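Q: what's the 3D shape of this:
(2 chains)
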Amino acid sequence: MDFSGRLGGRHGGGARGDVDEFGRERRNRPHHRKPYDRPNRSGNRGNQGGNRAISMVDDANDVESRLSSLIIKVGDKNIPTLQSNLDALGVVLEKDFTKHEITVLRTFRQCILELPWKVTVYSTLAGLLNAKNSETGAKVILLMHAILRQELARGHWGSVKVIMRFFALQVRTRAISIETLLSMIDVFLKPVADEPSNVSGRNSCLVFIAMSTLLWAGQALSEQVPAELEARLRIAEQYVQAHGEANANNTLATVLHDAPCKGTNVLAHLLEIMRAVAEEGWNIDAVCAPYTMFAGEFAQATQHELPELQLPTDLPASSYYTPPEILQLVPHPPEFTVRRFIMQDFISDTVTQLEGNRKDCAKFLLQVHGLCNEDVCSVMTTAQNPEDMDAESSLVFEYMVAEVIFSFLTQLPEGRYREMYYTSLAVELRKAEPQIMGSVLETTVENFVSRIGTMDVECVNRLCNWLAVFISNFGFQWDWAKWEDVVDENENAPRRRFVQETLLKLVRLSYLDRVKAQLPESCVSLVPQKTPGHNFKFTLQAMDERTKAVSVAVGKCLKNKGTPEQALDILHTHYSQWTDLDDGERQTLAREMLTEHVLLLGSKTFSHMLNAIEKFMPALQQFGDTPEAKLQIAKVVEDFWIKHPQFFAITIDKLINYRVIDPVTVVEMLFSQSHVGSWSQFHLWEILRNTVNKVNMRVEQLQSRLVAAQTAADAIVADGDTVAEQQAESVEHVESVLAQMLQEQKDVVISTTRHFVQLLSSSEGTADELDRAWLLGRFKEFMRTYRLQVMENVQALESVAFTPEASQDTCQVFECTRMLAA
Amino acid sequence: MEAEAATPFDSSLLEDRFTIVPRLDRPSTYKDHQYQGTSTQWSSDLAKTTTLYVGNLSFYTTEEQLYEIFTKAGEIKRIIMGLSRNTKTPCGFCFVEYYTHESALECMKYVNGTKLDDRIIRTDLDPGFREGRQFGRGRSGGQVRDEYRQEYDEARGGWGHMRAKQEEERRRQQDDSYEAISTVPAGAELQINSRLGRASPSRNGY
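A: Have a look, this model is predicted:
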């Protein structure tokens, strides 16, 4: 990028002059600075005379936004003039610093946080400012350190990581001393230095950040204090080893099971990368390192002292985070492993740091290669003939982006952000580069799907959700013919199931005819023949006379806005005459009759369903008086919506909300014998997940309500108010509801686990090998997703679920869950 | 903290929310014109709301479809379809209420601006549904935007209402001023001079 245009409208871009945009001499030192006055001789903006005061305000804003944009844009690309651009910007900033201090500092702060792939540029710039004026330098360095402390206290690990990398490079600009950096790194290593065998999510997160920092500080450290570097590496190595041993054979969080299970954790992989980089003298050659160009300037720089970092002690264990290892979904030349890591590390940081705006994130992602050194990677979006690019002989940038997105999407046990983020981010990428990103994402999906037989079941589900939303954003166009051979596969074969479920999701997002219209003839058999609808049991053809009489009467009553009491009356009048049946049988029939008709009343839309259930809640609750009765209601719902899984799921959800059925009822219904052979169907597990999530959410809400009630009560007690007693009651009330909900949570976890283990340990539980593989996959999903709840009930689970009859693989999943929860 | 006092930089730099990339989960210029309250109240309502206004829907988009896409940002409490005041049929907007404020923000970040039914949907943080807001406020019962819309939009009932009236009026006028032809004027039977020089029969006296 040529700066000459920006710096004062001088054209030609030749040798740099010695005047800046204000026409002043470039090499002014701050102590020479005179009170700011607008030079009239610059000529390019011609502000003179009477309106000078006003234009100065305008100009100040203008200058600020220009300064800001200069900082943001500097070093977008690795070009020969980068050095002089940086130099020029350093001069401009240093000169205007006191006048525009806030703007410069906050822009700088955000550049570090939001443009992580340009860390080498901003480190250099900070170093230049420091070298020119140590007061300015102190402000930049101490601000970033204060932000670091803030982000650390909040547990924003993505930000902590990128700021630490900035500080790693400040050693190169001599803005901080090696000792200062080492003591910062030591803060992160201390927990594992004290206790190397203590493997935990928190420690992994901290070690990961320390290692990432060491990777970028390695060159300076190995040159000056090799022993110190060795010592830190040893601590990290010991931890990685302990981590590896603790998780040996733990494949519970493995996405693809076809690769040997060695590098499936990001720490071990990073360690390998560090070893490789160490062999090259810690030289990272993937991106341009402008700080090497200013060694002379940095020689005399002031090194700043920094206050001590404090690790947070009050964050919940679940807030510690380690990013996923990046999956290899396209072939890459093996000799470029390090470069690939560096680039994908920058891409990952960008995805994490710009989560607040997927649209801009997509645009910036496509520029992350800007600082790459020559021949590091091929870039399709800037190439003349992108289709000629060969992923096997060079690193193709766009494929690296796609790999990062899918690795984040399928991160186990769970990713940092919702799945939908990675979906709409990919949509934006394709919108930004329709041709290239369209084909890159398509190829990556196809490669991923070709390995679907070895993919974790939950990841298959996530990929299916991703693909359906993705396709629905681009006119429902997809090359289904490529997968048409799945029609000949077994119903439960992974690839066929994936294609079919994706199509079902597409139907949910639009409507059957829309999806059918885009399908090649060969694939039409994969979607339902008719638009999903209900399956009302009491149609006129299929009833005996007396059933018909009841059904017609109840139907009429409901249609004419009859009350629950009236409906109950009708049921009673009719069924009491059926003297050939006993009370229980009549009750069962009445229950079914009412439920079917209420569902029919609400079958038009979700709102109708909600209204129908709400209105007949008292009657339904009265009918659902025992666990068996509740189970019957749930089964009637399933039968009614057998052709419409989405309505099935929503209705079940509403019935739980209105307490017509319990969460445990849903568990019993899902694991009923009738589903053996159908474990591959996604909607069953969607319902299970929704149900458990709902229970967990209720518990969480009550816990925070309890805290609120207690604080309120305490405040009143302190004031000696008479209302105190009432408040105390409210605490008691919340406590008792919470206790009830906790019991419900426990029941759900235990009964779900028990069912899973029983089915998986018996030959009756699954239809065949494929059916069992799906069920086992879902079991793993359940255990790792709800590992915290599982851990709270370990003893109960050991006695009820993991009995001696339990199959070996289920016990192994249990073991792995315990390790994962550590 | 004593370290804070010693910072050489302006402490506002630790608080300000400046970002290079604007966040998508901040309130936009959207405003409910019948909102009863000050603009400060509006902002503080939005700062904790669980509800979104959703616009630019097709009239044919169903609640089921809305559930499918909006549930990607969190568990939905309810969806209220926007209906035409007169016909009580969907008129292209809805309110989505989540259980948590975070879900509403994630929806702004991840779902706003994606496509549903081939249309780019727009979401905005909303202070919350009140009875009556489910109905369109346009004079014709639908949304105000459909009153003045000049372009033809098949998924939103074709022409905007004003335009539809104009079109209707034009058609009526056309029908009025041009009567259906029942007898063809005799002149039509006659052959006319062609450029090839063949004279019309009448002139040539055929």
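Q: and the average pLDDT for stretch A:480-496 is what?
A: Mean pLDDT, stretch A:480-496: 95.
Q: which of the residues in it are buried?
A: The neighbour-count check on stretch A:480-496 (16 or more other C-beta atoms under 10 Å in any protein chain shown) flags A:Trp480, A:Trp483, A:Glu484, A:Val486, A:Asn492, A:Ala493, A:Pro494, A:Arg495, A:Arg496 as buried. For the C-beta atoms, the positions are set from N, CA and C on the backbone; glycine is no exception.
Q: so how far is B:Asp117 from the first one?
A: So that's A:Trp480. With distances taken as C-beta to C-beta, to the nearest Å, A:Trp480 is found 20 Å from B:Asp117.
Q: go on, the last one?
A: Distance from A:Arg496 to B:Asp117, counting by C-beta to C-beta: 28 Å.
Q: for the second one, same thing?
A: When C-beta to C-beta is the yardstick, A:Trp483 and B:Asp117 sit 25 Å from each other.
Q: swap in the third one?
A: Here the criterion is C-beta to C-beta. By it, A:Glu484 lies 26 Å from B:Asp117.
Q: which residues of chain A score low on pLDDT?
A: Residues of chain A that meet the criterion pLDDT under 70 lie in A:1-58, A:260-264, A:719-729.
Q: also chain B?
A: Across chain B (using pLDDT under 70), the flagged ranges come out as B:1-6, B:179-206.
Q: nearest spatial neighbour of the residue nearest the centre of it, skipping sequence neighbours?
A: Centroid check for chain B by C-alpha atoms, centre = their mean gives B:Asn56 as the closest residue, at 3.1 Å. Once flanking residues are discounted, B:Asn56 sits nearest to B:Arg122: 5.0 Å by C-beta to C-beta, 6 or more residues apart in numbering or on different chains.
Q: show me which residues of the stretch 401-550 of chain A sit near chain B.
A: Contacts of the stretch 401-550 of chain A with chain B, taken as C-beta under 8 Å from any C-beta of the partner chain, map to A:418-421, A:423-424, A:427, A:465, A:469, A:472-473, A:475-476, A:505, A:508-511.
Q: 10 Å instead?
A: Within the stretch 401-550 of chain A, the positions adjacent to chain B are A:417-425, A:427-428, A:431, A:465, A:468-470, A:472-476, A:505-511, A:514, A:532 by C-beta under 10 Å from any C-beta of the partner chain.
Q: okay, and which of the residues you listed map to helices?
A: Mapping those onto helices (DSSP state H) picks out A:419-425, A:427-428, A:431, A:465, A:468-470, A:472, A:505-509, A:514.
Q: ok, back up a step: among the residues of the stretch 401-550 of chain A next to chain B, name the buried ones.
A: A:417-425, A:427-428, A:431, A:465, A:468-470, A:472-473, A:476, A:505-511, A:532.
Q: how about the most centrally placed residue in chain A: what's its closest non-neighbour residue?
A: Among the residues of chain A, A:Tyr417 comes closest to the average C-alpha position under C-alpha atoms, centre = their mean, at 2.2 Å. Computed as C-beta to C-beta, 6+ apart, the closest residue to A:Tyr417 that is not its neighbour in sequence is A:Glu355, at 5.7 Å.
Q: what strand or helix carries that neighbour?
A: Using DSSP states H and E, A:Glu355 falls within no helix or strand.
Q: hmm, it is touching B:Lys109, no?
A: Yes: in terms of C-beta atoms under 10 Å, A:Glu355 counts as a neighbour of B:Lys109; the distance is 7.3 Å.
Q: need the overlap of contacts for the two.
A: Common contacts of A:Glu355 and B:Lys109 (C-beta atoms under 10 Å, 6 or more residues apart in numbering or on different chains): A:Tyr417, A:Arg418, A:Tyr421, B:Arg23, B:Leu24, B:Asp25.
Q: in contact with the residue nearest to A:Lys556 when sequence neighbours are not counted, which residues?
A: In space, A:Lys556 comes closest to A:Gly562 once its chain neighbours are excluded; the distance is 8.0 Å by C-beta to C-beta, 6+ apart. With contact taken as C-beta under 10 Å, 6+ apart, A:Gly562 is in contact with A:Ala553, A:Val554, A:Gly555, A:Lys556, A:Asp569, A:Ile570, A:Lys615, A:Phe616.
Q: strands along chain B, start to end?
A: B:51-55, B:76-83, B:90-98, B:115-116, B:119-120, B:122-126 (DSSP state E).
Q: got those strands as TSV, with distance to A:Glu374 and mean neighbour count columns?
A: Output for the strands of chain B, formatted as TSV (distance: least, C-beta to C-beta, whole Å; neighbours: other C-beta atoms under 10 Å in any protein chain shown):
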stretch	distance to A:Glu374	mean neighbour count
strand B:51-55	48	22
strand B:76-83	51	19
strand B:90-98	49	23
strand B:115-116	40	20
strand B:119-120	40	13
strand B:122-126	44	22
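Q: contact residues of the stretch 551-700 of chain A facing chain B?
A: So the stretch 551-700 of chain A meets chain B at A:604-610, A:644, A:646-647, A:649-650, A:653-654, A:657, A:686, A:690, A:693-694, A:697-698, A:700 (C-beta under 10 Å from any C-beta).
Q: make it 6 Å
A: For the stretch 551-700 of chain A, the residues in contact with chain B (C-beta under 6 Å from any C-beta of the partner chain) are A:Thr605, A:Phe606, A:Gln646.
Q: top of those by neighbour count?
A: A:Phe606 (23 neighbours; other C-beta atoms under 10 Å in any protein chain shown).
Q: show me the contacts for that one.
A: Going by C-beta atoms under 6 Å, 6 or more residues apart in numbering or on different chains, A:Phe606 touches A:Ile650, B:Glu63.
Q: any idea how far it lies from A:Ile650?
A: Counting by C-beta to C-beta - A:Phe606 and A:Ile650 are separated by 6 Å.
Q: ok, now A:Asp390?
A: 48 Å.
Q: neighbour-wise, which of those two wins?
A: Each of A:Asp390 and A:Ile650 has its neighbours counted (other C-beta under 10 Å); A:Ile650 has more, 22 against 10.
Q: give me the element the more buried one is part of.
A: helix A:645-657.
Q: neighbours around A:Lys548, how many?
A: 15.
Q: put the alpha carbons of whatever helix or strand it lives in into CSV.
A: Assigned by DSSP H and E, A:Lys548 belongs to helix A:545-559. Only the C-alpha atoms of helix A:545-559 are listed here, as CSV (Å, rounded to 0.1, in the frame of the first residue of the first chain):
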residue,chain,number,x,y,z
GLU,A,545,-70.5,-46.6,16.3
ARG,A,546,-70.1,-45.8,19.9
THR,A,547,-66.6,-44.3,19.6
LYS,A,548,-67.9,-42.3,16.7
ALA,A,549,-70.6,-40.9,18.9
VAL,A,550,-68.1,-39.7,21.6
SER,A,551,-65.7,-38.3,19.0
VAL,A,552,-68.4,-36.4,17.2
ALA,A,553,-69.7,-35.0,20.5
VAL,A,554,-66.3,-34.0,21.8
GLY,A,555,-65.3,-32.6,18.4
LYS,A,556,-68.5,-30.4,18.3
CYS,A,557,-68.0,-29.2,21.8
LEU,A,558,-64.4,-28.1,21.2
LYS,A,559,-65.2,-26.6,17.8
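Q: that helix: which residues count as buried?
A: A:Thr547, A:Val550, A:Ser551, A:Ala553, A:Val554, A:Gly555, A:Cys557, A:Leu558.
Q: picking that back up, quickly list what the residue nearest to B:Asn56 is bridged to.
A: B:Gly55 (DSSP bridges).
Q: pretty sure the residue nearest to the centre of chain B contacts B:Asp118?
A: No: B:Asn56 is beyond contact range of B:Asp118, at 11.3 Å (criterion: C-beta atoms under 6 Å).
Q: picking that back up, need the max-distance pair from the contacts of A:Gly562.
A: Using C-beta to C-beta, the contacts of A:Gly562 span at most 17.8 Å, a distance reached by A:Ala553 and A:Lys615.
Q: distance of A:Phe448 relative to A:Leu467?
A: According to C-beta to C-beta, A:Phe448 and A:Leu467 sit 10 Å apart.
Q: same thing with A:Ala713?
A: Distance from A:Ala713 to A:Leu467, by C-beta to C-beta: 51 Å.
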